[in-house]
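Undergrad: Predicted coordinates and the sequence they were generated for:
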Amino acid sequence: MKIKKNDIIIVQAGKDKGKRGKVIQALPKINRVSVEGINILSKHIRSNGSSKQGQKIEFPSPIHVSNVMVVCPQCSKSTRAGYKIDKESGTKIRICKKCKATI
């Protein structure tokens, strides 16, 4: 999975199509990511007698990775992420497939 925590993404499909957000959590085992302000679900909690009030909690539900794309920080376009091996340090770095800048 090429999307990591703290990446800025844009939603390509679904009810939130076109929205941008920051990845809160990446779940690579199930190919999903949780994004700030995207796919918000609400959960109702019942009151517990007189001690606690009932409430409605809103939280971002994970969205499938195939429905999002990374936004390049340099060209600010949605792009695919690629990998390139850095010649100096020998480590793998992620690059933008459009402008070849590091992500």
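TA: Perfect, I can see it now. Keep in mind it's a predicted model, so treat the numbers as computed, not measured. Numbers count the residues shown, from 1 in each chain.
Undergrad: Check which strands are paired with the lengthiest strand in the chain and give the direction for each one.
TA: Across the chain, the longest stretch assigned as strand under DSSP state E is strand 20-27. Paired strands of strand 20-27, with direction, are strand 8-11 (antiparallel), strand 32-35 (antiparallel) (DSSP bridges).
Undergrad: can you give me the offset of it from its chain's centre?
TA: What separates the centre of strand 20-27 from the centre of its chain is 3 Å, taken as CA atoms, centre = their mean, to the nearest Å.
Undergrad: now do stretch 36-51
TA: Distance, stretch centre to chain centre, for stretch 36-51: 22 Å (CA atoms, centre = their mean).
Undergrad: picking up where we left off before, highest mean neighbour count out of the strands paired with strand 20-27?
TA: Highest mean neighbour count among the strands paired with strand 20-27 (mean count of other CB atoms under 10 Å): strand 32-35, with a mean of 23. C-beta here means a position set from N, CA and C on the backbone, and glycine is covered the same way.
Undergrad: Now the element after it, going C-ward?
TA: As assigned by DSSP states H and E, the chain's next helix or strand after strand 32-35 is strand 40-45.
Undergrad: Which other helices and strands does that next one contact?
TA: On a contact count with 3 or more CB pairs under 8 Å, 6 or more residues apart in numbering; DSSP states H and E, strand 40-45 meets strand 55-60.
Undergrad: Tell me the buried residues in the strand it packs on?
TA: Of all the residues in strand 55-60, those buried under the rule 16 or more other CB atoms under 10 Å are residue 60.
Undergrad: Within its sheet, name the partner strands of that strand and how each one runs.
TA: strand 40-45 (antiparallel).
Undergrad: Report the mean per-residue pLDDT for the strand it pairs with.
TA: Mean pLDDT, strand 40-45: 94.
Undergrad: What of stretch 69-77?
TA: Mean pLDDT, stretch 69-77: 93.
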